[in-house]
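>>> after the sequence you'll find the predicted model.
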Amino acid sequence: MAGAAPAASPVAAKKDPVVRPPSLAAHLYLFLYNCVATAAWGYVFFLFVQHTLEKSSWTDFAAPSLYRALEFPLTVAQSMQAMEVVHAAAGIVRSGVMTTLTQVFSRIQLVLFLFRHVPETHDTAAFGSLIAAWCLAELLRYPFFCAQELLHCIHHREAKKAFGDEAAMAAVKAKTEVPMILKWLRYSGFTFLYPVGITSEVVCMLSALPTLQLPHFAHYPVPMPNTLNFEVNLHCLYVLILLAYIPGSFMLYTHMLQQRKKNLYGAGAEEKKRQ
């Protein structure tokens, strides 16, 4: 850094701050949240697989039958993720607020708006690949967090006593390590599923653009003047969102690869950022 002393910079001497672990109540809440999220996404995936096996042709497989089968459970499972922004903002997890908000918004705008108002978005093969990628990604992620929070609950008293003692804290940390198979799946599955999911999201949004040129969507929610004194051209908005996906998806994927390297191999610990 400019102006730093050449011999012993403050950055070199500074250690990561010791952060007091969350309360037992926070760990219990996160354990229950992740269990419910696992069940919700597991049910969506079960319905998806069941529907896929029952249909003998793409005509049967495509919308509206697949979307009708998944609409409510998918809405519930995806809407739950809004709580993850709250978790990050409240500091009970180490995720970055903006990173979490970006990931959650990219999905919620599809599930709560586009899929409901523009049927063309779920009348493509991309809708099927999107559901598969989302479900598999969450069924790798949430069980990992379930195991992690359960271990923190079990060893919470030890962690509380060990706070401030580096050796004791290291011993407790070893006891709360999630089994390697869950850890590897959580930090490796996305390397394939994220590109599939992000590409599918883009294809679904592209399929919506012709419909979004209709007058109703060009002056949404109602034409001006109106009581809200507000309208938006959704076609232009979604063109901007699609353009934002280009740098945004690259940055998120790069961030996730860095997290994978740090969590699986311990590399770059000195540059570790709060997740």
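That came in fine, so what should we check first? Residues are numbered from 1 along each chain as shown.
>>> now the helices for the stretch 101-250 of the chain?
According to DSSP state H, counting those that start in this stretch, the stretch 101-250 of the chain carries its helices in the segments 115-117, 125-154, 156-162, 166-175, 180-188, 190-212, 215-218, 234-265.
>>> of those helices, which is nearest residue 31?
Closest approach to residue 31 among the helices of the stretch 101-250 of the chain is made by helix 125-154 (3.8 Å; CB to CB). Where you see a C-beta, it was placed from the backbone N, CA and C, and this is true even at glycine.
>>> which of the helices of the stretch 101-250 of the chain is buried the deepest?
helix 125-154 (a mean of 20; mean count of other CB atoms under 10 Å).
>>> report the angle between it and helix 166-175.
Counting by axes from the mean of the first three to the mean of the last three CA atoms, to 10 degrees, helix 125-154 lies at 130 degrees to helix 166-175.
>>> helix 125-154 vs helix 180-188, what angle?
140 degrees.
>>> what is helix 125-154 packed up against?
helix 24-54, helix 65-80, helix 180-188, helix 190-212 (3 or more CB pairs under 8 Å, 6 or more residues apart in numbering; DSSP states H and E).
>>> kindly reformat those helices as a markdown table containing mean pLDDT and distance to residue 156.
Listed next are the helices and strands packed on helix 125-154 as a markdown table, based on pLDDT from 0 to 100; distance: least, CB to CB, whole Å:
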| stretch | mean pLDDT | distance to residue 156 |
| --- | --- | --- |
| helix 24-54 | 95 | 5 |
| helix 65-80 | 94 | 25 |
| helix 180-188 | 94 | 20 |
| helix 190-212 | 96 | 29 |
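>>> which one, of the ones you listed, ends up nearest to residue 137?
helix 190-212 (4.5 Å).
>>> quick one: contacts of that closest one?
Helix 190-212 is contacted by residues 106-107, 110, 114-115, 118, 120-124, 126-127, 129-130, 132-134, 136-137, 140, 217-218, 234-235, 238-239, 241-242, 245, 249, 252-253, 256-257, 260 when judged by CB atoms under 8 Å, 6 or more residues apart in numbering.
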